[in-house]
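Undergrad: Only the shape, not the letters, is given here:
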């Protein structure tokens with residue numbers, strides 16, 4: 001099998017693994033903080049009925065969190081193995097930077113989560129209320145710290161900074177950290193971190209609202225589900241506009257540090273002033289144009305540079321760039337889903353203003369239960385495909401990091417992953433839907 005086909009299989013396998021993995025942290029990071037809110041409300045409530053209602057809500061959703069957390073840990077371990085099996089050149093070249101960052105995640109976030117998750121899940125009757133509340137907070141904080149280190153590494157791969165080549169006598173060709181401060185807080189890191197944390201908050205908000213809506217379709221009198229429905233909807237109504245603002249800032253940063261990615265995701269073929277915004281179309285790399293393009297004049301420059309007459313560098317300025325069509329369509333899927341989620345969140349907030357939830361609204365929210373997954377996956381496709389052909393921008397190409405696994409080996413393992421993950425995903429959806437919609441527990 002030709003080397004390029006083997007590379008495609010290796011990329012597809014890793015893309016499947018990381019794409020499946022990100023589904024679960026995108027819920028657990030936000031859901032952990034929602035659980036902390038539930039637990040805090042229970043701790044502060046003085047009315048016995050209110051305390052019991054918040055306790056029941058917490059008990060229902062902490063089980064869902066435990067399933068999501070377990071799935072995230074397991075898929076993360078599988079993904080880490082592939083650094084050695086599929087991409088040995090990556091660790092050989094940048095292991096002195098990637099290794100410590102991954103270790104920092106284990107030493108800080110993972111230890112926090114592993115230590116206090118047991119108290120959070122099983123210790124309510126064994127420790128004081130404040131201790132249990134603190135444990136819930138620490139788990140939520142730990143999930144956020146975990147995202148901090150992973151996104152620091154990913155952002156460094158996108159916009160490397162603070163590194164240097166090792167001396168020849170100590171491993172020439174390998175990178176070492178010259179300034180850990182600059183490695184961690186590289187140019188794109190603050191924007192990517194904020195973007196991902198907000199994405200998780202939005203995903204968890206729609207997840208909670210959607211499953212609560214599903215519960216109310218079966219049990220309209222469930223007061224706890226009405227409360228979690230409102231919380232999820234109101235959180236989404238606030239977080240989605242914040243995400244749009246952060247996304248705009250992230251776009252400005254990407255135009256400065258990764259202009260080839262911007263050119264690809266907007267299908268800007270030639271450098272020009274007053275670039276149009278292509279709403280839809282069919283990118284044709286062979287001819288260097290977008291077929292059937294629906295364009296808004298000068299809107300591209302206005303959005304990308306906040307100046308309608310600004311110059312936007314096109315793909316003609318970059319001999320090596322990402323494949324245009326996947327990035328172009330993934331970006332529009334992300335933005336389109338984001339707009340839909342904003343409309344649903346605001347519409348739902350308005351409809352719930354009197355405390356009543358009409359059945360059509362419940363069906364709508366149920367349909368959007370996993371909408372955050374679509375937006376998140378589309379965004380990560382833009383991020384990861386958009387930096388090609390580089391694995392570490394300007395330093396290490398993807399092809400140079402690939403291992404020597406044969407096409408047959410990669411094809412067989414990819415098939416096994418697809419079948420396994422399809423079964424796990426179906427099981428996960430069935431289990432969490434049942435858990436979240438089950439009847440109230442009584443203590």
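TA: The structure has been received and is ready for your questions. Bear in mind the structure is a predicted one, so any value in this text is a computation, not a measurement.

Undergrad: quick check: mean pLDDT across stretch 65-83?
TA: Mean pLDDT, stretch 65-83: 85.

Undergrad: same check, this time on stretch 23-35
TA: For stretch 23-35, mean pLDDT is 94.

Undergrad: Kindly report the same for stretch 353-371.
TA: Averaging pLDDT along stretch 353-371 gives 90.

Undergrad: Mind listing residues that contact stretch 114-123?
TA: Residues outside stretch 114-123 that contact it (C-beta atoms under 8 Å, 6 or more residues apart in numbering): 62, 66, 69, 126, 127, 131, 132, 135, 136, 138, 139, 142. To be clear about C-beta, it is placed using only N, CA and C from the backbone, and glycine gets the same treatment.

Undergrad: hmm, 6 Å instead?
TA: 66, 132, 135, 136, 138, 139 (C-beta atoms under 6 Å, 6 or more residues apart in numbering).

Undergrad: in the longest helix anywhere in the chain, what counts as buried?
TA: When the chain is parsed with DSSP state H, its longest helix is helix 48-85. Neighbour counts over helix 48-85 (16 or more other C-beta atoms under 10 Å) mark 52-69, 71-73, 75-76, 79, 82-83 as buried.

Undergrad: Quick check: next helix or strand after it?
TA: Next along the chain after helix 48-85, taking DSSP states H and E as the criterion, comes helix 88-105.

Undergrad: Not counting its own residues, what contacts that following helix?
TA: Contacts of helix 88-105 (C-beta under 6 Å, 6+ apart): 83, 146, 149, 152-153, 174-177, 392, 396, 400-401, 403.

Undergrad: try 7 Å
TA: 83-84, 146, 149-150, 152-153, 156, 163, 173-177, 183, 391-392, 396, 400-403 (C-beta atoms under 7 Å, 6 or more residues apart in numbering).

Undergrad: hmm, which of those are the buried ones?
TA: 83, 146, 149-150, 152-153, 156, 163, 174-175, 177, 183, 391-392, 396, 401-403.

Undergrad: re earlier: wait, which of the contacts of stretch 114-123 is closest to residue 354?
TA: Nearest to residue 354, judged by C-beta to C-beta, of the contacts of stretch 114-123 is residue 136 at 32.1 Å.

Undergrad: State the helix or strand in which that closest one lies.
TA: Residue 136 belongs to helix 129-158 when assigned by DSSP H and E.

Undergrad: How far off centre is that helix?
TA: Distance, stretch centre to chain centre, for helix 129-158: 14 Å (C-alpha atoms, centre = their mean, to the nearest Å).

Undergrad: remind me which residues of the stretch 1-150 of the chain are low pLDDT?
TA: 1-3 (pLDDT under 70).

Undergrad: Is residue 288 in contact with residue 268, as I believe?
TA: No. Assessed by C-beta atoms under 7 Å, residue 288 is found out of contact with residue 268, at 10.8 Å.

Undergrad: So if I had to pick from those two, which one is more boxed in?
TA: Shown here are residue 288 and residue 268; by other C-beta atoms under 10 Å, residue 268 has more neighbours (26 against 14).

Undergrad: isn't the more buried one right next to residue 275, touching?
TA: Yes. Counting by C-beta under 7 Å, residue 268 touches residue 275, with 5.5 Å between them.

Undergrad: any shared contact partners between those two?
TA: Shared contacts of residue 268 and residue 275, defined by C-beta under 7 Å, 6+ apart, are found at 300, 312.

Undergrad: This protein: strands as residue ranges?
TA: With strands called from DSSP state E, the chain shows them at 163-165, 175-177, 272-273, 277-284, 289-296, 311-312, 390-392, 396-397.

Undergrad: I'd like these as a markdown table, with distance to residue 263 and mean pLDDT appended.
TA: Listed next are those as a markdown table, based on distance: least, C-beta to C-beta, whole Å; pLDDT from 0 to 100:
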| stretch | distance to residue 263 | mean pLDDT |
| --- | --- | --- |
| strand 163-165 | 26 | 84 |
| strand 175-177 | 27 | 85 |
| strand 272-273 | 11 | 92 |
| strand 277-284 | 11 | 92 |
| strand 289-296 | 12 | 90 |
| strand 311-312 | 7 | 91 |
| strand 390-392 | 15 | 92 |
| strand 396-397 | 19 | 90 |
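
Undergrad: Let's have those strands in CSV, adding distance to residue 230.
TA: Shown next, in CSV, are those (distance: least, C-beta to C-beta, whole Å):
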stretch, distance to residue 230
strand 163-165, 48
strand 175-177, 47
strand 272-273, 48
strand 277-284, 34
strand 289-296, 37
strand 311-312, 43
strand 390-392, 44
strand 396-397, 48
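
Undergrad: Determine which stretch of those is the most buried.
TA: The highest average neighbour count among the strands of the chain, using mean count of other C-beta atoms under 10 Å, belongs to strand 390-392 at a mean of 21.

Undergrad: Which strands and helices lie in contact with that strand?
TA: Counting contacts by 3 or more C-beta pairs under 7 Å, 6 or more residues apart in numbering; DSSP states H and E, strand 390-392 packs against strand 396-397, helix 398-401.

Undergrad: looking at those, which is closest to residue 20?
TA: Per C-beta to C-beta, nearest to residue 20 of these: helix 398-401, 19.9 Å.

Undergrad: Show me what the closest one is packed up against.
TA: helix 88-105, strand 390-392.

Undergrad: Mean neighbour count, these: which tops it?
TA: Stretch with highest mean neighbour count among the helices and strands packed on helix 398-401: strand 390-392 (a mean of 21; mean count of other C-beta under 10 Å).

Undergrad: got a list of contacts for it?
TA: Strand 390-392 is contacted from outside by 90, 94, 157, 160, 396, 397, 398, 401, using C-beta under 7 Å, 6+ apart.
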